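Novice: Just a sequence and a predicted model for now, questions to come.
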Amino acid sequence: MSEQQKPPKIPERILVIVAHADDIEFGMAGSIAKWVKEGAQVTYCNVTDNSSGSNEPSIEREWLIQKRHQEQLAAAAVVGVTDVRFLGYRDGTLQPTLEVRRDLTRLIREIRPQRVLCQDPTMVFVGDWYINHPDHRAAGEASIYAVFPSAETRPIFPELLAEGYEPWHVRELYVVHGEQPNTYIDITDTIDLKLKALLCHESQVGEDAANRVRDRAASIGELAGVQYAEAYRVMQLGPKDDLPEEFAEAEDLEPEKDATTEG
């Protein structure tokens, strides 16, 4: 039985970075709805332009970009998030370049989040049925290295200093869809919001996908000892005795087993 971390008290600001519109709703929206209800200010960042989400010959790229942006804004509103950013990198060919990392570093220094959520860059194969999208891995890698070392290191990207963006130390990193989760978030009270937000992506998903997402949340919840849950690998970045007072107490949910998430 592996050691489990308890999620700390809710931070003031949270930044969620993903490759595509709908990635958040598949993986994290139940947790985010919970944290927003508890008072967190949450910012979403889609790294790509979401232009490759259809194989229909009649779909025009610019129309799809606007459609998927509208869907992400609607999904964010369902869980109470109003700050949504789109970096606009080409969907389907994202790479974890210094340019992407610089843009994410700038965003971290602007938002100054205590907690950052991102995708797992190490996940390639999910079971024997899915190859993880390379954009997910690229967005995850760029996010992690933006968190550390770039966001908190003054000599990295000095041009950001000239723009007025001072270094910022992120306290917590939550990585979703990995094989080594150590923290579960009970989303029993927010599962309906998660699914409602997911269904806002009407160009991509329908009721079948929502049912699969509900079933997966139930499977993770069974491992965590609750009805529905989401799983993360959580890293506390920095000495625990240096954490602010509001981070000192842990939430009640203390899972007993690791879970393996898929997607």
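Specialist: Looks like it came in fine. Numbers count the residues shown, from 1 in each chain.
Novice: Look at the residue lying closest to Leu160 once chain neighbours are set aside and tell me its secondary structure.
Specialist: For Leu160, ignoring the flanking residues on the chain, the nearest one in space by CB to CB, 6 or more residues apart in numbering is Arg106 at 5.6 Å. From N, CA and C alone the C-beta is placed, and that goes for glycine too. Local secondary structure at Arg106 is given as helix here, using DSSP: H, G, I helix; E, B strand; the rest coil.
Novice: So what's the residue count around Arg106?
Specialist: Applying other CB atoms under 10 Å, we find 18 other residues in the vicinity of Arg106.
Novice: repeat for Ile220
Specialist: Residues lying near Ile220 (other CB under 10 Å) number 23.
Novice: My read is that it contacts Tyr184, right?
Specialist: Yes. With contact defined as CB atoms under 8 Å, Ile220 counts as touching Tyr184 (6.7 Å).
Novice: if we can go back for a sec, measure the residue nearest to Leu160 to Ala218 for me?
Specialist: 39 Å (CB to CB, to the nearest Å).
Novice: List the contacts of stretch 130-146.
Specialist: Surrounding stretch 130-146, the residues in contact under the criterion CB atoms under 8 Å, 6 or more residues apart in numbering are 17-20, 23, 47-48, 91-97, 100-101, 104-105, 107-108, 116, 118-126, 173, 175, 177, 262-263.
Novice: Strands along the stretch 51-200 of the chain, start to end?
Specialist: With DSSP state E, counting those that start in this stretch as the definition, the stretch 51-200 of the chain shows strands at residue ranges 83-89, 115-119, 125-126, 130-131, 172-176, 183-186.
Novice: Deepest in the core, which of those is it.
Specialist: Mean neighbours per residue, mean count of other CB atoms under 10 Å, is largest over those for strand 115-119, with a mean of 28.
Novice: All set now, cheers.
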